[in-house]
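In: Make a model of this:
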Amino acid sequence: VTCSGQTEIVERIRGSRDAYAVQVERMSWQYHQSVENQMRNQIKSAQGQALQCQARQNELLQAACRQEELLQQLITERRRSQEEQRKLVELNQGLQSRQRLLREQLA
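Out: Numbers count the residues shown, from 1 in each chain. Next up is the predicted model:
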């Protein structure tokens, strides 16, 4: 092989090596882009899940508040019902006593 032939071969090897280096660099860049895109997608997914959890937490807190209000109303109404029942019993007993007295007076 002549000197010019060797130079040509060396130039082709250098060209191939440079092309390979450019290809490796491009593939490396694509890989890093792919990793970054996957991470961005995972971030978006995690954010979406966090928002869903927050919404569910709010729903649960609102339900708990409604139930607390209802419980307070139930306690109040039960007390009122018991008080009204007590008054009814007293009134009934009073009326029975009065009727008994009236019957005794009529007899």
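In: From here on, just use CA atoms for contacts and neighbour counts.
Out: OK.
In: At which residues are the strands of the chain located?
Out: Secondary structure of the chain (DSSP state E): no strands present.
In: where exactly do the helices run in it?
Out: Under the criterion DSSP state H, the chain contains helices at 3-106.
In: Grab the most central residue of the protein for me.
Out: Nearest to the mean C-alpha position of the chain, counting by CA atoms, centre = their mean, stands Cys53 at 1.6 Å.
In: which intervals of this protein have sub-threshold pLDDT?
Out: 1 (pLDDT under 70).
In: make it 90
Out: Within the chain, the segments meeting pLDDT under 90 span 1-12, 14-15, 106-107.
In: For stretch 33-51, give me every contacting residue.
Out: Among residues not part of stretch 33-51, none is counted as a contact by CA atoms under 8 Å, 6 or more residues apart in numbering.
In: can you give me how far it is from the chain middle?
Out: Taking CA atoms, centre = their mean, to the nearest Å, the mean C-alpha location of stretch 33-51 is offset from the chain mean by 18 Å.
In: Could you do stretch 50-64 as well?
Out: How far stretch 50-64 lies from its chain's middle: 5 Å, per CA atoms, centre = their mean.
In: Ala63 versus Asn37, what's the distance?
Out: Distance, Asn37 to Ala63, by CA to CA, to the nearest Å: 39 Å.
In: Now do Gln67 against Leu74, distance only.
Out: Distance from Gln67 to Leu74, by CA to CA: 10 Å.
In: Val89 now?
Out: 22 Å.
In: One more: Asp18?
Out: 83 Å.
In: repeat for Arg98
Out: Taking CA to CA, one finds Arg98 at 35 Å from Leu74.
In: again with Arg66
Out: In terms of CA to CA, Arg66 sits 12 Å off from Leu74.
In: Same check on Ile13?
Out: 90 Å.
In: Could you do Val22 as well?
Out: 77 Å.
In: Check Leu101 too.
Out: In terms of CA to CA, Leu101 sits 40 Å off from Leu74.
In: same check, this time on Ser45
Out: For Ser45, the distance to Leu74 - CA to CA - is 43 Å.
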